[in-house]
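K.L.:
below is the sequence, then the predicted model.
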Amino acid sequence: MPARNVLPIILVGADPEAFVREKKSGKIVSAHDLLPGTKEAPFPVKDGAIQVDGLAAEFNTTPANSGQLFEATCHNVIAELKKKLGPKYELVFEPAHVFEQDYYDSLPEETKILGCTADFNGYTRDINPPPMTEEFPTMRTTSGHLHGGW
């Protein structure tokens, strides 16, 4: 039987983070007590999962094999995330926010940890220490990744 060229199916997923804003006050608030799911045990929803990541909300999408499907999975998971937040809150896709000191001090210590767990150095293969924000200690950031596979 002759050899056949088979192209791989390329898959794309994502795990973006967003801040949560209370609509009435206009203030960014911690998602830690507003959403189900953790990094260790994400809460499954249609086309992905949601969870709290530090003070932010995070969502993951199931891998998609087309741009159209990837867009649809992102929309579906964001809709599920908004539904869990309820009408009093909205998502804010901004890279950083400096929380007011009094509010920040009232939050649980485990929600204030920065960085991925664990975050590895690609050169040494050692675990990196958590980042420090000495100049702006109450600043937190959001980010995310695109995941590719085949």
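P.N.:
Yep, it's here. Just so you know, these numbers come straight off a predicted model, no measurement behind them.
K.L.:
as a check, name the ranges of all strands in the chain.
P.N.:
With DSSP state E, the ranges of strands along the chain come out as 11-14, 17-22, 28-29, 43-45, 48-53, 56-61, 89-92, 96-98, 139-141, 146-149.
K.L.:
looking at those strands, which is closest to Pro108?
P.N.:
strand 48-53 (10.8 Å; CB to CB). All C-beta spots, glycine's among them, are computed from the backbone N, C-alpha and C.
K.L.:
so what are the sheet partners of that closest one and their directions?
P.N.:
strand 43-45 (antiparallel), strand 56-61 (antiparallel) (DSSP bridges).
K.L.:
quick one, which of those strands is nearest to Lys27?
P.N.:
Closest to Lys27 of the strands paired with strand 48-53 is strand 56-61 (CB to CB; 14.5 Å).
K.L.:
what's the most buried one of the strands paired with strand 48-53?
P.N.:
Highest mean neighbour count of the strands paired with strand 48-53: strand 56-61, a mean of 26 (counted as mean count of other CB atoms under 10 Å).
K.L.:
got the contact list for it?
P.N.:
Applying CB atoms under 8 Å, 6 or more residues apart in numbering, the contact partners of strand 56-61 are 13-20, 31, 34-35, 39, 42, 45, 47-52, 70, 73-74, 77-78, 80-81, 85, 91, 140, 142, 144.
K.L.:
please apply the same query to stretch 137-148.
P.N.:
By CB under 8 Å, 6+ apart, the residues outside stretch 137-148 that reach it are 10-19, 54-56, 58, 63, 93-101, 104, 112, 114, 133.
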